[in-house]
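Student: just a sequence and a predicted model for now, questions to come.
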Amino acid sequence: MTDLIHVYSEIGKLKTVMLHRPGKELENLSPDILNRMLIDDIPYLKIAQKEHDYFAHTLEKQGVHVVYLEDLLAQSLTNKDVRTKFVDQLLEESNIKKEDPLHQLLMDYLMALPVNDMVKQIIAGIRKNEIQNITPSLADLAEDPDYPFYLDPMPNVYFTRDQQAAIANGMTINRMTFRARRRESLFMETILKHHPKFKDANIPVWRDRYTHGRLEGGDELVLNNHVLAIGISQKTSAAAITDLAHSLFGHSSYDIILAIKIPHNHAMMHLDTVFTMINYDQFTVHPFILDKAGKIDIYVLEQDDHGEVKITPENDLVKVLKKYLHVSEIDLIPTGNGDPIAAAREQWNDGSNTLAITPGEVVTYDRNYVSNDLLRKHGILVHKIHSSELSRGRGGSRCMSCPLVREDL
Ligand SMILES: NC(=O)NCCC[C@H](N)C(=O)O
């Protein structure tokens, strides 16, 4: 049987990818909650869906099999007991505890829906006015009665790169940094446990969503079949990287992690917002992450002879990449062609965030035309996708896609 999860590079021909088509969760955004929801503006749903369909279609035209997180989840929840446990956990994680009468009310409401609709509703959130609460509790009446939701929306689910990520034949099911995204990784955990195709496939979970430390897929770059690059970032902690090293080294083909420290801010929240691999020896890079001498803090984690993790500090990105990828040259292609304004503008709209679908062939946002022109000058084949609305969530083509299977190089 071919692996259901098989990702040994960033650039091997993409065979299967998991997306989420944005839904009503985007219409449950309002200015009051934007900041907490980690979204910078309210995308217009109709156009966001159109843009997302175009993205999916662009991938399909290149022979990629597109699957949807929401469909896989619904297929995992056909059994009523499994569904009950899932909803129960989801409500608990939404801070609606069993002792609260609301728990049963929402449970009844969700369980009465056809499973596909239930999944969509959970992602969209539940507004108070959608449910008849005939015996409101004191908390319902007195505590924040103007707050519109019983269940908060999950507007970031369309960034399927982050809640989980494939490495080799396994996955990390991620413990997300901010509360707004914590619940999202319950979906993939449920798929691996209960989906008819995945449940008996013995897919290794390199790190689960309950383990100490924070890890997000936007920081996980699979450089080749034994080297990873992982961002030490706003969203991924050094503790989680250390833990992942212990889990992978000796238990997989992976024996080297390049931990790259990037600025901790919203614009550059993950490593893939400032650095992505697009060919054997070519990378996009946001010039602002390098100092004047072109240096950046890198910690090389390797297994020593006693099975311990050895850490070597480095700071020369090109030198480190050459050494660990065994290539003689590295072509770092600067976002916005290095122009201070174009670089900042295009990086903000994910001009560094490229999805490679085969070596030297990428999918990018059309709005980042300076970066796209430069990619072409460097010999890269660029498939542009529309980006007026999708980009408002602060993620690009790599963030919006979770590769499940890539061909080996
Ligand atoms: N890998 C990525 O950079 N993903 C983009 C995530 C954007 C989302 N609004 C977030 O803040 O988590």
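Tutor: Perfect, I can see it now. Numbers count the residues shown, from 1 in each chain.

Student: got a list of what the closest residue to His270 other than its chain neighbours touches?
Tutor: Spatial nearest neighbour of His270, excluding adjacent residues (Cβ to Cβ, 6 or more residues apart in numbering): Gly218 at 2.8 Å. Where C-beta positions appear, they are placed from N, C-alpha and C, glycine not excepted. When contacts are counted by Cβ atoms under 8 Å, 6 or more residues apart in numbering, Gly218 touches 159, 161-162, 231, 235, 269-273, 395, 398-399.

Student: repeat that with 6 Å
Tutor: By Cβ atoms under 6 Å, 6 or more residues apart in numbering, Gly218 lies in contact with 161-162, 270, 272, 399.

Student: these: which ones sit near the ligand?
Tutor: Counting by Cβ under 6 Å from any ligand atom, 161-162, 270, 272, 399 from these sit close to the ligand.

Student: where does the residue in the stretch 201-350 of the chain that the ligand sits nearest to fall, phi/psi-wise?
Tutor: Closest to the ligand within the stretch 201-350 of the chain is Gly218: 2.4 Å, counting by Cβ to the nearest ligand atom. Torsion angles at Gly218 (phi, psi; degrees, to the nearest 10) stand at phi -60, psi -20.

Student: quick check: it vs Lys235, distance?
Tutor: Relative to Lys235, Gly218 is positioned 7 Å away (Cβ to Cβ, to the nearest Å).

Student: now Pro204, what are its backbone angles?
Tutor: According to degrees, to the nearest 10, Pro204 has phi -60, psi 140.

Student: need the pLDDT of Leu26.
Tutor: pLDDT, Leu26: 98.

Student: ok, it touching Pro43?
Tutor: Yes - contact between Leu26 and Pro43 holds when scored by Cβ atoms under 6 Å: they sit 5.2 Å apart.

Student: still on that earlier bit, hmm, which two among the ones next to the ligand among the contacts of Gly218 are most spread apart?
Tutor: Spatial extent of these (Cβ to Cβ) is set by the pair Asp162 and Asp272 at 9.3 Å.

Student: give me the more crowded residue out of these two.
Tutor: Using other Cβ atoms under 10 Å, the more surrounded residue of Asp162 and Asp272 is Asp272, with 31 against 28.

Student: I'd say the more buried one and Arg398 touch.
Tutor: Yes - contact criterion Cβ under 6 Å: Asp272 and Arg398 qualify, at 4.9 Å.

Student: which neighbours do those two share?
Tutor: Asn353.

Student: that older thread, so which of the contacts of Gly218 are in strands?
Tutor: If you go by DSSP state E, these have nothing in strands.

Student: now pLDDT too, for those residues, in TSV please.
Tutor: As requested, the contacts of Gly218 are arranged in TSV below (pLDDT from 0 to 100):
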residue	pLDDT
Arg161	98
Asp162	98
His270	96
Asp272	97
Cys399	98
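
Student: dump the residues you listed into a markdown table; add distance to Thr177 as well.
Tutor: Output for the contacts of Gly218, formatted as a markdown table (distance: Cβ to Cβ, whole Å):
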| residue | distance to Thr177 |
| --- | --- |
| Arg161 | 14 |
| Asp162 | 10 |
| His270 | 10 |
| Asp272 | 15 |
| Cys399 | 15 |
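
Student: chain neighbours aside, what residue packs nearest to Val404?
Tutor: Wrong residue type there; residue 404 is Leu, not Val. In space, Leu404 is closest to Thr16, 4.4 Å off (Cβ to Cβ, 6+ apart).

Student: shared neighbours of Gly218 and Lys235, anything?
Tutor: By Cβ under 6 Å, 6+ apart, Gly218 and Lys235 have these common neighbours: His270.

Student: so in the protein, where's the weakest helix or strand by average pLDDT?
Tutor: helix 138-142 (a mean of 83; mean pLDDT, DSSP states H and E).

Student: now do it: which elements does it pack against?
Tutor: Identification of packing neighbours for helix 138-142 by 3 or more Cβ pairs under 6 Å, 6 or more residues apart in numbering; DSSP states H and E yields no helix or strand.

Student: need the residues that contact the helix or strand just after that helix.
Tutor: Sequence order places strand 149-151 as the next helix or strand after helix 138-142, per DSSP states H and E. With contact meaning Cβ under 6 Å, 6+ apart, strand 149-151 is reached by 94, 125-128.

Student: cool, stretch 384-401 as well?
Tutor: Stretch 384-401 is contacted from outside by 17, 39-41, 43-44, 47-48, 51, 54-55, 58, 158-159, 161, 218, 272, 276, 349-350, 353, 355, 363-367, using Cβ under 6 Å, 6+ apart.

Student: ok, now stretch 331-342?
Tutor: By Cβ under 6 Å, 6+ apart, stretch 331-342 touches 281-287, 343, 346-347, 351-352, 370-371, 374, 378.

Student: and if we set it to 7 Å?
Tutor: Residues outside stretch 331-342 that contact it (Cβ atoms under 7 Å, 6 or more residues apart in numbering): 281-287, 318, 343, 345-347, 351-352, 370-371, 374-375, 378.

Student: same thing with stretch 74-91?
Tutor: With Cβ under 7 Å, 6+ apart, stretch 74-91 has contacts from 103, 106-107, 110-111, 115-116, 119, 122, 183, 186, 190-191, 194-196.
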